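Undergrad: have a look at this prediction, sequence included:
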Amino acid sequence: MKKNIAIIMGGYSSEFEISLKSGNVVYQSLNQDKYNLYRIHILEHKWVYVNDDNVEFPVDKNDFSVIIHDQKIVFDCVFNAIHGTPGEDGYMQGYLELLSIPHTSCGMYQAALTFNKRDCLSVLKPHGIKTAQSYYVNLGDTFNETAIIEKVGLPCFVKANKAGSSYGITKVYKQEDLQAAIDFAFKEDDEIIIEAFLDGTEVSVGVISYKGDIKVLPITEIVSENDFFDFEAKYLGKSQEITPARISEAQAEKVRTLAKKVYTILKMTGFSRSEYIFKDDEPHLLEINTVPGLTAESILPQQAAQANISLQDLFDNAIEEALKA
């Protein structure tokens, strides 16, 4: 009997359009002879199942079910393709776990922790994970610009603490530009992180639960045409994403080992994609994404292809792993 799979997409953040693209790639890639697939749009003003004719059916949030032509549909598993809140920050994970519905992403705690850049880096630092020097500011705080620059130096990055796809991020070269960058980041989040600029090769490492094991995918080197790997570089073709990365085998082994260590320390499941910059030949962790992009332009699918894992296999495995858990 075919299992009913809900593919959740959308979300409440600036990333919702990218998430809709990711969710549709999943929908188009999975084997419909094996699964009954349902695209579920999770949006601030509505949760709806959207069929192939773009007809919408409301989702009953009490048990995450849908009534279609007088038939109640319940789901055997949820494929999570929501970037940002509420799919990547723990809210959907907690909701689905309360309903005992298996899902393809990590657990609620892991999602909440990794979505909060500041907290995640703080948890990992005692395990010897190297990171950039940083300074934290919350909305409403008074702060001393000179003290910030003395700690992190120039140039530096001002980032929204809980946002993805490079929303709310600015590279700052002069102290007089710091306030505007902070204001910009506060448009995305009420917490920000200001980090030292690390001048080195940037790489992205996918780690997934695959056929019962932790699998590190081939490493991708990020070469942005812009000043850094911003939204345009990620989604509008303003970067080169080179897989496998043009780094030494010694560097590759270091970052593979580190990415697997991070995945293990945090007791991750499902997909993850972590970003590193090599400084003094050592990888420094920038952030971890637990619902990485799944569009044609996205890095994790490129890495999977390099490992001879098709999109169908990648997504099918995620469902199988979730059902086994």
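TA: The structure has been received and is ready for your questions.

Undergrad: measure residue 299 to residue 184 for me?
TA: Note on residue 299: its distance to residue 184, by CB to CB, to the nearest Å, is 25 Å. Every C-beta, even on glycine, is put in place using the N, C-alpha and C of the backbone.

Undergrad: for residue 56, that is, sorry about that
TA: 35 Å.

Undergrad: out of those two, which sits in the busier spot?
TA: Using other CB atoms under 10 Å as the criterion, residue 56 and residue 184 rank with residue 184 on top: 16 against 13.

Undergrad: that one in helix, strand or coil?
TA: helix (DSSP: H, G, I helix; E, B strand; the rest coil).

Undergrad: the one 5 residues further on too?
TA: Local secondary structure at residue 189 is given as coil here, using three-state DSSP.

Undergrad: next, count neighbours for it.
TA: For residue 189, using other CB under 10 Å, the count is 20.

Undergrad: same question for residue 32.
TA: Count around residue 32 with other CB under 10 Å applied: 11.

Undergrad: can you tell me how far it is from residue 316?
TA: For residue 32, the distance to residue 316 - CB to CB - is 12 Å.

Undergrad: so what's the residue count around residue 127?
TA: 11.

Undergrad: okay, buried residues for the strand or helix carrying residue 250 please.
TA: Using DSSP states H and E, residue 250 maps to helix 249-265. In terms of neighbour count (16 or more other CB atoms under 10 Å), helix 249-265 has its buried residues at 251, 252, 254, 255, 256, 258, 259, 262, 263.

Undergrad: now render those as JSON lines, adding pLDDT and distance to residue 168.
TA: Shown next, in JSON lines, are these (pLDDT from 0 to 100; distance: CB to CB, whole Å):
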{"residue": "251", "pLDDT": "97", "distance to residue 168": "30"}
{"residue": "252", "pLDDT": "98", "distance to residue 168": "31"}
{"residue": "254", "pLDDT": "98", "distance to residue 168": "30"}
{"residue": "255", "pLDDT": "98", "distance to residue 168": "26"}
{"residue": "256", "pLDDT": "98", "distance to residue 168": "30"}
{"residue": "258", "pLDDT": "98", "distance to residue 168": "26"}
{"residue": "259", "pLDDT": "98", "distance to residue 168": "25"}
{"residue": "262", "pLDDT": "98", "distance to residue 168": "23"}
{"residue": "263", "pLDDT": "98", "distance to residue 168": "26"}
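
Undergrad: residue 214: which of those residues is nearest?
TA: residue 263 (6.0 Å; CB to CB).

Undergrad: touching, that closest one and residue 270? I think so.
TA: No - the pair residue 263 / residue 270 is not scored as a contact, 10.1 Å apart, by CB atoms under 8 Å.

Undergrad: beyond the lowest-mean-pLDDT helix or strand in the chain, next helix or strand please.
TA: In the chain, no helix or strand scores lower on mean pLDDT, DSSP states H and E than helix 231-235, which sits at a mean of 48. Sequence-wise, the next helix or strand beyond helix 231-235 is strand 239-242, with elements assigned using DSSP H and E.

Undergrad: domain ranges for this protein?
TA: 3-105, 113-130+199-324, 134-196 (automatic domain parsing).

Undergrad: so who does residue 210 touch?
TA: For residue 210, the contact set (CB atoms under 8 Å, 6 or more residues apart in numbering) comprises 309, 317, 321.

Undergrad: and these, which are buried?
TA: Judged by 16+ other CB under 10 Å, buried ones among the contacts of residue 210: 309, 317, 321.

Undergrad: same list, the residues you listed, but as CSV with distance to residue 2, secondary structure and pLDDT please.
TA: Shown next, in CSV, are the buried ones among the contacts of residue 210 (distance: CB to CB, whole Å; DSSP: H, G, I helix; E, B strand; the rest coil; pLDDT from 0 to 100):
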residue, distance to residue 2, secondary structure, pLDDT
309, 23, coil, 96
317, 17, helix, 98
321, 18, helix, 98
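
Undergrad: ok, so of the residues you listed, who is nearest residue 191?
TA: Nearest to residue 191 among the buried ones among the contacts of residue 210, with distances taken as CB to CB, is residue 321, at 32.2 Å.

Undergrad: excluding sequence neighbours, find me the nearest residue to that closest one.
TA: In this structure, residue 321 finds its nearest non-sequential neighbour in residue 209, 4.8 Å apart by CB to CB, 6 or more residues apart in numbering.
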